[in-house]
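*Asks:* Okay, structure incoming, though there's no sequence with it:
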């Protein structure tokens, strides 16, 4: 898709807005349930809403039902999810991966993105959660896994997790997606 296609995409006019003030109420849980199509497990916060207040990205606990859960941010916006589904089906992961493989600076930026993401994820852990993960020998499941839980920091596995993280804190793959879509990354 190019910039002109952006105007015809569902939800294209909606802009992401940081949403640290949204209280997780029964109504919010119901709204997220409707977006996901299932009960949100480990829901900790609405990380990003659109300009109408509808959740776009949720933040999930890193310890869910006693198990490590390395995917910190989950894209729940149906229009963006569908758009990224289509991009993935059309081969965008392979296209971006080839670009990353050919460009040392992009690979380096991706590694930096993963390390920054790990620090951010760790900042949300309580002392009790961190202790539990270390005591059970599960710490590496988070400390060595980056965006979307990936362990190989120069590979792209899922555009959805990259873009969800990008809407919270800009990253390399999110910027490439924005460039493809003709979006201004500074608005994110």
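*Replies:* Perfect, thanks for sending it. Not measured: the values here are computed from a predicted model.
*Asks:* Give me the packing partners of the lengthiest helix in the chain, helices and strands only.
*Replies:* Longest helix in the chain by number of residues, with DSSP state H as the criterion: helix 104-124. On a contact count with 3 or more C-beta pairs under 8 Å, 6 or more residues apart in numbering; DSSP states H and E, helix 104-124 meets helix 92-102, helix 140-143, helix 172-181. To be clear about C-beta, it is placed using only N, CA and C from the backbone, and glycine gets the same treatment.
*Asks:* pLDDT weak spots in the protein?
*Replies:* 1-21, 184-188 (pLDDT under 70).
*Asks:* show me where it has strands.
*Replies:* 16-18, 43-50, 55-60, 63-64, 67-68, 73-75 (DSSP state E).
*Asks:* Pipe these into JSON lines and attach mean neighbour count per row.
*Replies:* Below are those laid out as JSON lines (neighbours: other C-beta atoms under 10 Å):
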{"stretch": "strand 16-18", "mean neighbour count": "16"}
{"stretch": "strand 43-50", "mean neighbour count": "21"}
{"stretch": "strand 55-60", "mean neighbour count": "24"}
{"stretch": "strand 63-64", "mean neighbour count": "18"}
{"stretch": "strand 67-68", "mean neighbour count": "16"}
{"stretch": "strand 73-75", "mean neighbour count": "25"}
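*Asks:* Which one, of the ones you listed, ends up nearest to residue 100?
*Replies:* Proximity to residue 100 (C-beta to C-beta) singles out strand 73-75 among the strands of the chain, at 20.6 Å.
*Asks:* Any idea how far that closest one is from the middle of the chain?
*Replies:* Mean-position distance between strand 73-75 and its chain equals 4 Å (C-alpha atoms, centre = their mean, to the nearest Å).
*Asks:* Over to stretch 90-108?
*Replies:* 18 Å.
*Asks:* what's the answer for stretch 117-129, then?
*Replies:* 16 Å.
*Asks:* Repeat that for stretch 157-170.
*Replies:* Worked out by C-alpha atoms, centre = their mean, stretch 157-170 lies 3 Å from the chain centre.
*Asks:* you'd agree residue 35 is up against residue 57?
*Replies:* No - assessed by C-beta atoms under 8 Å, residue 35 is found out of contact with residue 57, at 10.5 Å.
*Asks:* Give the residues shared as contacts by those two.
*Replies:* 76, 77 (C-beta atoms under 8 Å, 6 or more residues apart in numbering).
*Asks:* ok, now how distant is the residue nearest to residue 116 when sequence neighbours are not counted from residue 138?
*Replies:* Nearest non-adjacent residue to residue 116, counting by C-beta to C-beta, 6 or more residues apart in numbering: residue 169, 7.0 Å away. Separation of residue 169 from residue 138 (C-beta to C-beta, to the nearest Å) stands at 24 Å.
*Asks:* Residue 162 now?
*Replies:* Distance from residue 162 to residue 138, by C-beta to C-beta: 24 Å.
*Asks:* Much appreciated, bye for now.
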